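J.: Structure for the following, please:
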Amino acid sequence: MTTTGRLVTISEVHDHPHEEAPAVETEPQPIVFPDDMDAECIPICTVLNGLSGIRTVESCCGHGRSPFEVFFVAQKVESLLPILRAAESITGWKIEAFWSCGKHEIVIFMLEGPIGPPDMFDGADAFMSWITDNQP
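T.: Here you go, the predicted structure:
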């Protein structure tokens, strides 16, 4: 497998041609969020899913006790740039990468923000606005 200039995602790795690969799509699709999703996460997940090559897979608002977290996959390294720039510009946000090297190699990213409501200073609303306002 060759992955020049690309991140390996769940939908790209398939070691056995007769088995169906797990699906975490990064191509634009209608967004349908689960009924039990934290309402505070919907706006930022909508913005992230609107970025080319990004697809969110899980999120939690932290409920005032833990950091705000959004897990996502990226189709290619360049897809990460708006999120990386926002994390550098908005205090209290960071991105971590997790790699699974089992049957299906996958890189999942976690965007982590400060503890508190989305509308707090440098909260999820500020992060989302930075991305929206700084798109080419």
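
J.: what ranges of this structure fall below the confidence cut-off?
T.: 1-29 (pLDDT under 70).

J.: How about the contacts made by the nearest residue to residue 65 once chain neighbours are set aside?
T.: Among residues not flanking residue 65 along the chain, residue 115 sits closest, at 7.0 Å (C-beta to C-beta, 6 or more residues apart in numbering). Where C-beta positions appear, they are placed from N, C-alpha and C, glycine not excepted. Contacts for residue 115 (C-beta atoms under 8 Å, 6 or more residues apart in numbering) come out as 62, 64-68.

J.: from memory residue 45 sits against residue 58, does it?
T.: No - counting by C-beta atoms under 8 Å, residue 45 stays clear of residue 58, with 9.5 Å between them.

J.: which residues are common contacts for those two?
T.: residue 70.

J.: With neighbour numbers in mind, choose between the two.
T.: residue 45 (25 against 14; other C-beta atoms under 10 Å).

J.: Do a quick rundown of the strands in this structure.
T.: 54-60, 69-74, 94-101, 105-112 (DSSP state E).

J.: Test my guess that residue 134 contacts residue 86.
T.: Yes - assessed by C-beta under 8 Å, residue 134 is found in contact with residue 86 at 7.4 Å.

J.: Any chance of the strands of the chain in TSV with distance to residue 38 as columns?
T.: Below are those laid out as TSV (distance: least, C-beta to C-beta, whole Å):
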stretch	distance to residue 38
strand 54-60	6
strand 69-74	10
strand 94-101	19
strand 105-112	14
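
J.: roughly how far apart are the closest residue to residue 122 other than its chain neighbours and residue 117?
T.: Nearest non-adjacent residue to residue 122, counting by C-beta to C-beta, 6+ apart: residue 91, 4.7 Å away. Counting by C-beta to C-beta, to the nearest Å, the separation of residue 91 from residue 117 is 16 Å.

J.: who has more neighbours, these two?
T.: The residue with more neighbours, out of residue 91 and residue 117, is residue 117; 14 against 11, by other C-beta under 10 Å.

J.: Now do the same contact list for that one.
T.: 40, 64, 123.

J.: Need the contact partners of stretch 35-48.
T.: 31, 33, 54, 56, 59-61, 63, 68, 70, 72, 83, 111, 117-118, 124-125, 127-128, 131-132.
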